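Asker: what's the 3D shape of this:
(one chain, ligands or ions: 1)
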Amino acid sequence: MGHLGHIIRKTMLYQTKVEYGDWAMNHVQGCSHGCQYPCYAFLMARRFGRVKTHEEWIQPYIVDNTLDLLRRELPKHKNEIERIQLCFTTDPFMVDYPEVSKMSIDAIKLINEYGIPCVVLTKGVLPTELVELSGINQYGITLVSLDEAFREEMEPGAAPLINRLAALKVLSDAGLKTWVSIEPYPTPNVHMQELQPILDAISFTNRIVFGRAHYDKRTNAYKDLDMFYYSAVEQVRAFCKSNAIECHIKKGTVD
Ligand code: SF4
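Answerer: Residues are numbered from 1 along each chain as shown. Presented below is the predicted three-dimensional model:
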């Protein structure tokens, strides 16, 4: 089990400025998954002085008063909120942090009591007990490769891909809505691989979100960048169409 710090916050729910404008909550500061893409949340935390180094970032601090804040904020905002994302700047099912997972589950239950669905995304393992929660939620994993060596390099503290996928399949088989984020998808100069096996491994899911890499200098230096993402997007769209999967291509992936 990893060492978990504790903090108190003044607010929890906020409306994000991303393209779908959802509400989100981040009940942990930092993330032990320590992604090397690099992690946008880490870059922002460093820019705004919340952490100084990557070593500080991978030491997570749980927000102890999360449920109290939700009990105060949900009645106030319930009519404006369509759904709540867990999480934007951390991971709700951080590997080896059972206290974080428990709080995520308690938060989802509380949010669902207001009839509001949660959209969950993790690089950890989705617990099977999610099957017992309301069916209005969507559970997702990030999967940009099937190569475990690449995962170890880029997502060193996250769950092995096979475990991540198996947990998602369990929830899907139980009739829950699932989704997969293929973002940031690596260019061949970062990692040489075929996209089709990744798509085939997730043919059971309800929604695929595909997006390019943004913050890796090597990606921007790739000579066939536009053509590479254009043909990958075509492939994702065709796959989704033939498997009746909802498809969302992130803005800026192709011009
Ligand atoms: S799992 Fe998400 S929040 Fe955590 S380090 Fe990786 S990219 Fe950042």
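Asker: what sits against Q85?
Answerer: 16, 22-25, 118-121 (Cβ atoms under 8 Å, 6 or more residues apart in numbering). C-beta: built from backbone N, CA, C; applies to glycine.
Asker: I'd assumed it was in a strand, is it?
Answerer: Yes - counting by DSSP: H, G, I helix; E, B strand; the rest coil, Q85 falls inside a strand.
Asker: got the residues of the stretch 151-255 of the chain near the ligand?
Answerer: Residues of the stretch 151-255 of the chain lying near the ligand by Cβ under 6 Å from any ligand atom: A158.
Asker: the strands in the stretch 151-255 of the chain, which residues?
Answerer: For the stretch 151-255 of the chain, the strands defined by DSSP state E, counting those that start in this stretch cover 177-185, 207-212, 246-249.
Asker: mean neighbour count, mean pLDDT and distance to H191 for these - can I get that in CSV?
Answerer: Formatted as CSV, the strands of the stretch 151-255 of the chain follow (neighbours: other Cβ atoms under 10 Å; pLDDT from 0 to 100; distance: least, Cβ to Cβ, whole Å):
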stretch, mean neighbour count, mean pLDDT, distance to H191
strand 177-185, 22, 98, 9
strand 207-212, 22, 98, 13
strand 246-249, 16, 97, 20
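Asker: only whichever of the contacts of Q85 are buried, select them in PyMOL.
Answerer: In PyMOL, this line selects whichever of the contacts of Q85 come out buried by 16 or more other Cβ atoms under 10 Å:
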select buried, resi 23+24+25+118+119+120+121
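Asker: for the ligand, state which of the contacts of Q85 is nearest.
Answerer: L121 (8.2 Å; Cβ to the nearest ligand atom).
Asker: I'd like the distance between that closest one and F48.
Answerer: Distance of L121 to F48, given as Cβ to Cβ, to the nearest Å: 22 Å.
Asker: with A158 instead?
Answerer: 24 Å.
Asker: out of these two, which sits in the more crowded spot?
Answerer: A158 (26 against 8; other Cβ atoms under 10 Å).
Asker: the more buried one and V125 touch, don't they?
Answerer: No - using Cβ atoms under 8 Å, A158 is not in contact with V125; the gap is 9.6 Å.
Asker: give me the common contacts of those two.
Answerer: 95, 164.
Asker: quick one: pLDDT of G21?
Answerer: Looking at G21, its pLDDT is 65.
Asker: likewise the one 3 residues further on?
Answerer: Reading off the confidence values, A24 has pLDDT 97.
Asker: isn't G140 up against E183?
Answerer: No - with contact defined as Cβ under 8 Å, G140 does not reach E183; the gap is 10.9 Å.
Asker: what's the overlap in contacts for those two?
Answerer: Common contacts of G140 and E183 (Cβ under 8 Å, 6+ apart): V209.
Asker: give me the secondary structure label for the residue nearest the centre of the chain.
Answerer: Nearest to the geometric centre of the chain sits L121, at 3.3 Å (Cα atoms, centre = their mean). Following three-state DSSP, we place L121 in the strand state.
Asker: on the strand side of things, show who it bridges to.
Answerer: G140 (DSSP bridges).
Asker: quick check: closest non-adjacent residue to M1.
Answerer: Of all residues not flanking M1 in the chain, D96 sits nearest, at 5.5 Å (Cβ to Cβ, 6 or more residues apart in numbering).
Asker: residues making contact with the least confident helix or strand in the chain by mean pLDDT?
Answerer: Within the chain, no helix or strand scores below helix 217-221, which has a mean of 91 by mean pLDDT, DSSP states H and E. Identification of contacts with helix 217-221 by Cβ under 8 Å, 6+ apart yields 184, 186-187, 189-190, 212-213, 225.
Asker: can I have the buried ones of these as a PyMOL selection?
Answerer: In PyMOL syntax, the buried subset of those is picked out as below (16+ other Cβ under 10 Å):
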select buried, resi 184+186+187+190+212+213
